[in-house]
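**Student:** what follows is a predicted structure for the sequence shown.
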Amino acid sequence: MNIERYLLRRVLFVRNVHDLSELFKDIEEVLAKPEQEPEPLSNDEITKLWRDNTGYLVSHNQFARAIEKAHGIGE
């Protein structure tokens, strides 16, 4: 579960001022961290994405979706 989803779920369980204060502290901590840029895939990682788990080549669409997934897009 990504951090944004986790924090949104915590909103549902705020029952008092202390819970709300703790949630705000956690949100401030998350917002203070710089966003991570996706790293380029290595040549080996790209080659592995071209094949399914049986070793057969995948379609161009499957390959494109695998690249997206590797970069956290369209999970």
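**Tutor:** Nice, I can see it.

**Student:** how does the chain divide into domains?
**Tutor:** Following the assignment in automatic domain parsing, the chain carries domains at 3-32, 37-75.

**Student:** including mean neighbour count and mean pLDDT, could those domains go into TSV?
**Tutor:** Placement of C-beta: from N, CA and C, glycine included. Shown next, in TSV, are the domains of the chain (neighbours: other CB atoms under 10 Å; pLDDT from 0 to 100):
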stretch	mean neighbour count	mean pLDDT
domain 3-32	11	88
domain 37-75	11	84
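
**Student:** need the helices for this structure, in chain order.
**Tutor:** Using DSSP state H, the helices of the chain run over residues 3-11, 17-32, 43-49, 60-70.

**Student:** contacts for the last one?
**Tutor:** I take that to be helix 60-70. 41, 45, 46, 49, 50, 52, 58, 74, 75 (CB atoms under 8 Å, 6 or more residues apart in numbering).

**Student:** ok, for the second one, nearest residue in space, not its chain neighbours?
**Tutor:** Beyond its immediate neighbours in the sequence, the residue positioned closest to residue 45 (CB to CB, 6 or more residues apart in numbering) is residue 70, lying 7.0 Å away.

**Student:** and if you look at the fourth one?
**Tutor:** Counting by CB to CB, 6+ apart, residue 66 is the residue found nearest to residue 49 once chain neighbours are left out, at 4.3 Å.

**Student:** about what we covered before: how about the contacts of helix 60-70 in CSV, adding distance to residue 18?
**Tutor:** Below are the contacts of helix 60-70 laid out as CSV (distance: CB to CB, whole Å):
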residue, distance to residue 18
41, 44
45, 45
46, 49
49, 47
50, 52
52, 50
58, 51
74, 38
75, 33
